[in-house]
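Visitor: Fold the following, please.
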Amino acid sequence: MGYMLRTAVLLGVLTGLLLFIGNLIAGKTGMVIAFVIAALMNFLSYWFSDKIVLSMYRAREITRDEAPWLHEIVEELARNANIPKPRIYLIPMEQPNAFATGRGPGSSAVGVTRGILEILDRDELRGVLAHELAHIRNRDVLVASIAATIAGAISMIVNWLQWALIFGWGRNEENNNPLSIVGSILLLIITPIIAAIIQMAISRSREYLADETGAYISRDPLSLARALDKIHKYVMSVPAEVNQGTAHLFIENPLKGEGLTELFSTHPSTEKRIARLHEIAKKMGQTV
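Guide: Residues are numbered from 1 along each chain as shown. Sure, this is the predicted structure:
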């Protein structure tokens with residue numbers, strides 16, 4: 001419940017930032033126009049997110065004949081999560097990783113890389129898949145789309161301000177004074193950074209929630225903890241060509257090797273995630 005409340009608060013802050021910056025720079029009309037444009041852009045990506053992402057990584061569907069054991073694991077976890085069984089895809093990537101995509105439980109897919117199938121044992125892979133099904137159950141794609149819509153609208157309004165500064169600030173002398181111009185430039189720099197930090201904080205909260213939900217779906221938080229430890233070590237040494245805009249989808253940030261700080265990362269630190277999973281295991285009466 002804490003993660004849900006945190007997400008709601010962060011979305012509220014992001015919305016408040018949109019209202020403030022929109023009204024300050026473009027007035028209510030400009031704010032509404034920016035929000036509508038951003039919403040339309042993200043509406044398309046939301047409805048076709050699974051097809052876009054899967055094609056981007058050249059994923060192909062894994063049939064039951066190819067890997068009956070993998071389908072059995074996903075079927076069992078889907079029953080535990082009380083959601084329809086998602087489609088399973090293989091991503092031709094050596095880096096061990098996985099992601100879930102789709103609008104929600106009724107239209108979803110899970111992708112696993114070739115690398116993750118090679119390094120994890122059955123229990124560890126089961127823990128990872130439980131985490132991904134948790135994302136589907138928690139409708140995290142929808143939450144991410146809402147956050148992206150608001151952040152996108154903020155970016156558009158800030159871009160309008162940028163062009164206004166280039167071609168002349170305002171129509172009256174009040175907006176032409178140096179203090180107003182300096183303040184606007186600072187606003188131009190700071191606002192997108194704040195919006196990005198909030199958007200990434202939402203993503204990190206959803207990762208913690210997916211870890212927790214996945215642990216209860218599988219009833220085996222320690223296997224997920226071991227999997228995260230293994231994946232983290234390989235991600236640091238096995239580079240992958242990943243679109244930065246989709247990095248938040250993966251169970252472990254595939255761009256860790258690029259030295260992103262936790263503040264600007266789409267994922268919490270692996271050490272913190274493992275520590276939380278150990279605490280969940282203790283609550284379940286399991287020996288860590």
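Visitor: Next, name the residue at the spatial heart of the protein.
Guide: His248 (3.7 Å; C-alpha atoms, centre = their mean).
Visitor: quick check, it in a helix?
Guide: Yes. The assignment for His248 by DSSP: H, G, I helix; E, B strand; the rest coil puts it in a helix.
Visitor: Please look at it and Ala147 and confirm they touch.
Guide: No. Applying C-beta atoms under 8 Å as the test, His248 and Ala147 come out as separate, 10.0 Å apart. No exception for glycine: its C-beta is placed from N, CA and C like everyone else's.
Visitor: Between the two, which contacts overlap?
Guide: Ser203 (C-beta atoms under 8 Å, 6 or more residues apart in numbering).
Visitor: So for the residue nearest to the centre of the chain, what's the nearest residue that isn't a sequence neighbour?
Guide: Sequence neighbours aside, Thr266 is the residue nearest to His248 in space, at 3.7 Å (criterion: C-beta to C-beta, 6 or more residues apart in numbering).
Visitor: Report how many residues lie close to that neighbour.
Guide: A count of nearby residues for Thr266, using other C-beta atoms under 10 Å, gives 23.
Visitor: Assess the claim that it and Ala201 are in contact.
Guide: No. Judged on C-beta under 8 Å, Thr266 makes no contact with Ala201 at a distance of 9.7 Å.
Visitor: Give the other helices and strands that the helix ranked longest in the chain contacts.
Guide: Identified as the longest helix of the chain according to DSSP state H is helix 178-218. In terms of contacts (3 or more C-beta pairs under 8 Å, 6 or more residues apart in numbering; DSSP states H and E), helix 178-218 is packed against helix 2-25, helix 68-81, helix 122-137, helix 140-167, helix 221-237, helix 270-283.
Visitor: how does it look with 6 Å?
Guide: Judged by 3 or more C-beta pairs under 6 Å, 6 or more residues apart in numbering; DSSP states H and E, helix 178-218 is in contact with helix 2-25, helix 68-81, helix 122-137, helix 140-167.
Visitor: any idea of the angle it forms with helix 122-137?
Guide: Interaxial angle of helix 178-218 relative to helix 122-137 (axes from the mean of the first three to the mean of the last three C-alpha atoms, to 10 degrees): 130 degrees.
Visitor: tilt between helix 178-218 and helix 270-283?
Guide: Using the same axes, to 10 degrees: helix 178-218 against helix 270-283 is 40 degrees.
Visitor: And helix 178-218, how far out from the chain middle?
Guide: Centroid displacement of helix 178-218 relative to its chain, using C-alpha atoms, centre = their mean, to the nearest Å, is 11 Å.
Visitor: Wait, the residue nearest to the centre of the chain touches Ser265, no?
Guide: No. Counting by C-beta atoms under 6 Å, His248 sits too far from Ser265 to count as a contact (9.3 Å).
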